[in-house]
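Chemist: sequence plus the predicted model coming up.
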Amino acid sequence: MTKEEYIKAAIDSMIKGDEKLAVSVMNDAIADGVDAAELLSEGFSAGIREVGDQFGRGRMFLPELMLAADAMKAVSAIVEEEISKKGGTAEKKGTMVLATVQGDVHDIGKGIVASLIKTQGVKVIDLGRDVPAADIVEKAVECGADLIGTSALLTTTMGEMKVLEELLKEKGLKNKFKTLVGGAPVTERFAKRIGADAYGEDASQAVAEVARLLS
């Protein structure tokens, strides 16, 4: 198969929510010399974005969303292993704590962001979904993070990002951590209003913003 065919197959596996197929496509592509990180970005990530879009339009439902998320996690793990093999114990460029805010149970977009940021040599500590602001801050302090990234899919949970910013100010930690926000309902205007340091409209922009904040 050509790289383009693998990309198409990767997208298809995400839309089907077929973890076994996704893993097979990734492993076969690697065996054929296709760059794993590129396939993750151009194929699997594109497919998961399509799933998220269909979910937002009411054309897919939560069980399908979760199957796609599981498939994405499986191929992301393979990519991380490949990067580790090639890069060995390369020095990390920084550490980022990532979480979906309290009250929100989605983590597909966050999973894509985590996978792509890791390919840039940044250590990512993914706390999962429905995480209270206090827990996020506590973990960031504990691991000496450089960045805190939060995601929200629901407009009703976006306010938790503001809670995080206020908590950082309250604890005198605002200058210690750079903050990045993203998610379907989140806008650059909202990010600026709550005092976040950066906004990622999509995974690619999030990666670029992380690089900028760490430079």
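Modeler: Here it is on my side, so go on.
Chemist: moving C-terminal of the top helix by length along the chain, what's the next helix or strand?
Modeler: For the chain, the helix with the greatest residue count under DSSP state H is helix 62-87. Next along the chain after helix 62-87, taking DSSP states H and E as the criterion, comes strand 94-100.
Chemist: could you list the buried residues of that following strand?
Modeler: Residues Gly94, Thr95, Met96, Val97, Leu98, Ala99, Thr100 are the ones in strand 94-100 that count as buried (16 or more other CB atoms under 10 Å). Every C-beta, even on glycine, is put in place using the N, C-alpha and C of the backbone.
Chemist: flag the least confident of those.
Modeler: Within the set of these, pLDDT is lowest for Gly94 (93).
Chemist: roughly how far apart are that residue and Ala133?
Modeler: To Ala133, Gly94 is 21 Å away according to CB to CB, to the nearest Å.
Chemist: surely Gly103 meets Leu154?
Modeler: Yes. Using CB atoms under 8 Å, Gly103 is in contact with Leu154, at 7.4 Å.
Chemist: what's the domain layout of this structure?
Modeler: For the chain, automatic domain parsing gives the domain ranges 3-87, 94-214.
Chemist: could you tell me the least trusted of the ones you listed?
Modeler: When those are compared by mean pLDDT, domain 3-87 comes last with a mean of 88.
Chemist: which SS state does the closest residue to Ile78 other than its chain neighbours fall under?
Modeler: Take Ile78 and drop its neighbours on the chain: the residue closest to it by CB to CB, 6 or more residues apart in numbering is Met26, 5.1 Å away. Recorded secondary structure, Met26: helix (DSSP: H, G, I helix; E, B strand; the rest coil).
Chemist: now do the contacts for Met26.
Modeler: Contacts for Met26 (CB atoms under 8 Å, 6 or more residues apart in numbering) come out as Ala10, Ala36, Leu39, Leu40, Phe44, Val75, Ile78, Val79.
Chemist: dump those into CSV; add neighbour count and distance to Gln54 as well.
Modeler: Listed next are those as CSV, based on neighbours: other CB atoms under 10 Å; distance: CB to CB, whole Å:
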residue, neighbour count, distance to Gln54
Ala10, 27, 16
Ala36, 23, 26
Leu39, 23, 21
Leu40, 28, 20
Phe44, 29, 16
Val75, 28, 19
Ile78, 18, 25
Val79, 23, 24
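Chemist: between these, which is nearest Ile108?
Modeler: Of all these, Ile108 sits closest to Phe44, with 11.0 Å by CB to CB.
Chemist: what's the closest non-adjacent residue to that closest one?
Modeler: In this structure, Phe44 finds its nearest non-sequential neighbour in Ala10, 4.7 Å apart by CB to CB, 6+ apart.
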